[in-house]
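> okay, predicted coordinates and the sequence, questions at the end:
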Amino acid sequence: MRTPAPAFPETEAAWHRTVDRDDWNDIYVVGDVHGCLSALDRLIATLGPSADDLVVFVGDLVRKGPNSRGVLRRVRDAPNMLSVRGNNEEKLLRGDAELPGLGPVDLEYVRSMPVAISWDDHLVVHGGVDHRKRLADHSVDDVQNMRALDPADGYDGPFWFEERDEGPRVFFGHTVLESPVYREYAVGLDTGCVYGGELTAYDVAGDEFVAVPLTRSGRDRNASKIVTPNRTRTA
């Protein structure tokens with residue numbers, strides 16, 4: 001039986017985790033991994049984070065790629081890695097998808113993932129946020145699945161990140177991009193690794209993208225569902 005979509009209560013600490021920026025030398029934000037463990041390992045080796053650096057994922061660690069369990073456990077077992085819960089993790093919890101080999105401990109970890117992580121004037125979600133309302137007024141489905149401000153517009157846009165002109169700066173995945181979005185108030189990181197693109201991270205302190213390519217054939221994806229950002233803007 002499918003679990004109904006919950007609301008997003010502002011007071012629910014398990015769903016919105018706040019990070020103290022002063023606890024970390026640097027923060028890296030990583031795009032959708034989708035079970036591509038080898039690409040993740042190469043990206044982490046390229047970034048070279050120390051134990052005093054935090055790595056935050058925009059969700060969708062799992063499904064579509066070859067080693068979801070390995071990715072999930074890589075993140076779960078690292079003391080300096082956190083992830084928000086993407087729509088593909090949500091599908092596991094609601095019974096809309098299954099991943100053979102995941103045990104109760106794995107699913108409990110997925111259940112424990114927040115749907116938002118923030119520090120200072122930065123916010124990480126999987127899909128997006130609507131600047132016209134408070135974060136607390138979004139549903140879990142909103143922040144996990146948003147592309148256009150009007151859901152009926154979908155891939156036709158305009159996309160929420162093109163309309164965003166105020167803080168906090170939002171890091172997001174979910175929408176597969178031909179290249180990263182780099183704007184004053186939005187940074188998009190899903191560059192389609194599982195589809196043969198790159199796995200992309202953003203170095204917050206260094207203000208730069210770091211990416212590694214997939215070294216095997218990717219899954220097919222309709223070109224109409226790969227978004228080329230209309231415009232970018234430096235911070």
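Thanks, I have it. Numbers count the residues shown, from 1 in each chain.

> from here on, just use CA atoms for contacts and neighbour counts.
OK.

> contacts only, for the residue nearest the centre of the chain.
The chain has Val58 as the residue nearest its centroid, 1.6 Å off, counting by C-alpha atoms, centre = their mean. Counting by C-alpha atoms under 8 Å, 6 or more residues apart in numbering, Val58 makes contact with 29-32, 83-86, 124-126, 171-173.

> leaving out sequence neighbours, find the closest residue to it.
Spatial nearest neighbour of Val58, chain neighbours left out: His126 (5.0 Å); criterion: C-alpha to C-alpha, 6 or more residues apart in numbering.

> one step back: per-residue confidence at the residue nearest to the centre of the chain?
On pLDDT, Val58 comes in at 98.

> now swap in Tyr155 and tell me
81.

> can you confirm it is in a helix?
Yes. Counting by DSSP: H, G, I helix; E, B strand; the rest coil, Tyr155 falls inside a helix.

> that one contacts Asn222, doesn't it?
No. Between Tyr155 and Asn222 no contact is recorded; they are 11.8 Å apart, counting by C-alpha atoms under 8 Å.

> looking at those two, which one has more neighbours?
Using other C-alpha atoms under 10 Å as the criterion, Tyr155 and Asn222 rank with Tyr155 on top: 15 against 7.

> so what's that one up against?
147-148, 224-225, 227.

> select only the buried ones of those in PyMOL?
To isolate the buried ones among those in PyMOL, judged by 16 or more other C-alpha atoms under 10 Å, type:
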select buried, resi 147+148+227
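
> wait, doesn't Ala205 sit right on Val29?
No. Ala205 is beyond contact range of Val29, at 10.9 Å (criterion: C-alpha under 8 Å).

> higher neighbour count, the two?
Shown here are Ala205 and Val29; by other C-alpha under 10 Å, Val29 has more neighbours (23 against 10).

> what's the burial count for the nearest residue to that one once chain neighbours are set aside?
The shortest distance from Val29 to any non-neighbouring residue, by C-alpha to C-alpha, 6+ apart, is to Val56 (4.8 Å). When counting by other C-alpha under 10 Å, one arrives at 22 neighbours for Val56.

> same check on the one 5 residues further on?
The number of residues packed near Leu61 is 31, by other C-alpha under 10 Å.

> try the one 3 residues further on
Neighbour count of Lys64, defined by other C-alpha under 10 Å: 17.

> repeat for Gly218
Around Gly218 there are 16 residues (other C-alpha under 10 Å).

> quick check, pLDDT for it.
74.

> could you do Ala14 as well?
60.

> ok, Pro213 next?
91.

> contacting residues for it?
39, 193, 196-199.

> straight-line length of stretch 109-122, end to end?
Terminal residues of stretch 109-122 lie 24 Å apart, using C-alpha to C-alpha, to the nearest Å.

> mind listing what's buried along that stretch?
110-111, 113-118, 122.

> measure the residue lying closest to Val30 once chain neighbours are set aside to Leu43 for me?
Computed as C-alpha to C-alpha, 6+ apart, the closest residue to Val30 that is not its neighbour in sequence is Ala201, at 4.2 Å. From Ala201 over to Leu43 the distance is 8 Å, taken as C-alpha to C-alpha.

> how close does Arg42 sit to Pro213?
In terms of C-alpha to C-alpha, Arg42 sits 9 Å off from Pro213.

> in which helix or strand would I find Asp41?
Under the criterion of DSSP states H and E, Asp41 resides in helix 37-47.

> Ser224 belongs to a helix, doesn't it?
Yes. Counting by three-state DSSP, Ser224 is located in a helix.

> and the residue lying closest to it once chain neighbours are set aside, how far from Lys91?
Distances taken as C-alpha to C-alpha, 6+ apart put Tyr155 closest to Ser224, at 7.9 Å, once the chain neighbours are dropped. If you measure Tyr155 against Lys91 using C-alpha to C-alpha, the figure is 21 Å.
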